[in-house]
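S.K.: Give me coordinates for this.
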Amino acid sequence: MITTYLQLFWEFFKTGLFAVGGGMATLPFLQAIGESTGWYTYTDLMNMLAVSESTPGPIGINMATYVGFTAAGIPGAIIATLGEVTPSIIVILIVAAVLHSFRNNKYVDRAFYGLRPASTGLIGAACVSVILEVLTSVRLIAQQGGFVKAPALDGGSLFNVPGLLLAAALIVLTNFAPKKVTGLHPIVFIGLSAVVGVAFGFAGA
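M.R.: Modelled structure (predicted):
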């Protein structure tokens, strides 16, 4: 169990250090963690993402806590969360100490400029993964001995019809419905989506 705790801390330390761009940018890292450790499947990860998006707090922290709990219970949740936030604390302390000296440094400006496309790419990859998982039956599968993942059809149908219908309904309700509907709090739409998901689950069973 100690090994699991150390691995949780190390994996989320790396995630917190390199996932530039916010919570959604952690998703490719979390997918890689699941594939390498077997702690959870990609479907489990999508469920974790839905819960983390629906609960208060930063999504990256919520995901770390959820994954840690899944892998090793409450101690795992605490350790994974500490691993996720430790790099940020260290970087913030360093930046606070040297900010005045490097505020107008051209190399620092260029470094941040170079980080922007990396952040965009990580978030874009996360969005593509979520869309493929939720709205289609296409899965990105890592090729043996390579870094590039190839799409593969998981099942007979290309599209996930219930997911598409729910996404279309949410788009209509949040953008084109009467003001009294679009003005509702987001938690209402989250709750309705959960109810629809349960209903579809029972219907499919």
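S.K.: Trp39 - that's part of a strand, no?
M.R.: No - checked against DSSP: H, G, I helix; E, B strand; the rest coil, Trp39 lies outside a strand; its state is coil.
S.K.: In contact with it: list those residues for me.
M.R.: 33, 67, 70-71 (CB atoms under 8 Å, 6 or more residues apart in numbering). Bear in mind the C-beta positions are built from the backbone N, C-alpha and C, glycine included.
S.K.: Same check on Thr65?
M.R.: 77, 80-81.
S.K.: hmm, back to that, restricted to helices, list the contacts of Trp39.
M.R.: 33, 67, 70-71 (DSSP state H).
S.K.: any idea which of these has the most stuff around it?
M.R.: Using other CB atoms under 10 Å as the neighbour criterion, Val67 leads the ones in helices among the contacts of Trp39 with 30 neighbours.
S.K.: Find the residue closest to that residue in space, skipping its chain neighbours.
M.R.: Closest residue to Val67 apart from its sequence neighbours, by CB to CB, 6 or more residues apart in numbering: Ala80 at 5.9 Å.
S.K.: Can you tell me the element the residue sitting nearest the centre point of the chain falls in?
M.R.: Closest residue to the average C-alpha location of the chain: Leu27 at 3.6 Å, with CA atoms, centre = their mean. Of the helices and strands defined by DSSP states H and E, Leu27 is found in helix 27-37.
S.K.: and the gap between the residue lying closest to Ala25 once chain neighbours are set aside and Val128?
M.R.: Excluding its sequence neighbours, the residue lying closest to Ala25 (CB to CB, 6+ apart) is Leu122, at 3.9 Å. Counting by CB to CB, to the nearest Å, the separation of Leu122 from Val128 is 11 Å.
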